[in-house]
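Visitor: sequence unavailable; structure follows:
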């Protein structure tokens, strides 16, 4: 309704009246220090690194570019189904890749296997990420999922993966992992976080501390290959 839009515009204009602009703060996600080298090591080992992002295409590409992943044309797929109401990025207008799980399945069956080869998936939610992992497995891929130990909504994705690894996130600027977190209140916050992580990581074969994350995964892969 056009009248509703006009009312909303008037509201925001009144809200900003007689205000003084002091400054602006911008935030962005920073990759872990050793992530670029880790991705490169995985590539040399024949392991393809795939990034599932809850953000839109632009946000996903911005982060991926900082860790050395390909961000050129036709390198990213949105897991949100195109219902006609979705916001389409400019680059998507030229792309030839499907959008959403049903379209991805159809594309693989009728066109080619390109959706199985891209390294970036945007608008990823736990439900559609789990479905995409299932599609990869149905087409012969072995999937190792790495996730935060404090993300209970990823439980289904971790359970679907062939191998799941949980990483303890940093929960304060002073401490490196949840196992080093100092309680602030009378409740033992460290114990609560650890118990929550134990439940969230039930499908995981391994749980690593943040400071040991990449070296730990490297060691696991090296050890597993010597056992073959």
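Guide: Looks like it arrived, so ask away. Keep in mind the model is a prediction, meaning the values are calculated, not measured.

Visitor: ranges for the strands of this protein?
Guide: Under the criterion DSSP state E, strands of the chain are mapped to 51-52, 76-78, 120-122, 144-148, 163-167, 206-208.

Visitor: for those strands, give me a markdown table that also has mean pLDDT, mean neighbour count and distance to residue 26.
Guide: Where C-beta positions appear, they are placed from N, C-alpha and C, glycine not excepted. Output for those, formatted as a markdown table (pLDDT from 0 to 100; neighbours: other C-beta atoms under 10 Å; distance: least, C-beta to C-beta, whole Å):
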| stretch | mean pLDDT | mean neighbour count | distance to residue 26 |
| --- | --- | --- | --- |
| strand 51-52 | 96 | 19 | 22 |
| strand 76-78 | 93 | 27 | 23 |
| strand 120-122 | 95 | 22 | 20 |
| strand 144-148 | 92 | 19 | 24 |
| strand 163-167 | 93 | 22 | 26 |
| strand 206-208 | 90 | 17 | 31 |
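
Visitor: can I get those strands in a markdown table including distance to residue 105?
Guide: Shown next, in a markdown table, are those (distance: least, C-beta to C-beta, whole Å):
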| stretch | distance to residue 105 |
| --- | --- |
| strand 51-52 | 17 |
| strand 76-78 | 12 |
| strand 120-122 | 14 |
| strand 144-148 | 20 |
| strand 163-167 | 23 |
| strand 206-208 | 31 |
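
Visitor: and the residue lying closest to residue 169 once chain neighbours are set aside, how far is that from residue 224?
Guide: Nearest residue to residue 169, sequence neighbours excluded (C-beta to C-beta, 6 or more residues apart in numbering): residue 148, at 4.9 Å. Distance, residue 148 to residue 224, using C-beta to C-beta, to the nearest Å: 23 Å.

Visitor: swap in residue 97?
Guide: Using C-beta to C-beta, residue 97 is found at 33 Å from residue 224.

Visitor: kindly state the beta-bridge partners for the residue nearest to residue 169.
Guide: residue 167 (DSSP bridges).

Visitor: quick one, what contacts it?
Guide: Contacts for residue 148 (C-beta atoms under 8 Å, 6 or more residues apart in numbering) come out as 154, 166-169.

Visitor: how about residue 129?
Guide: Residue 129 sits next to 52, 79, 121, 154, 157 when contact means C-beta under 8 Å, 6+ apart.

Visitor: quick revisit: got the contacts of residue 148 as CSV, with distance to residue 22 columns?
Guide: Listed next are these as CSV, based on distance: C-beta to C-beta, whole Å:
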residue, distance to residue 22
154, 39
166, 41
167, 38
168, 37
169, 32
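
Visitor: what distance separates the start and the end of stretch 8-26?
Guide: End-to-end distance of stretch 8-26 (C-alpha to C-alpha, to the nearest Å): 25 Å.

Visitor: typed the wrong thing, it's stretch 142-156
Guide: Counting by C-alpha to C-alpha, the terminal residues of stretch 142-156 are separated by 16 Å.
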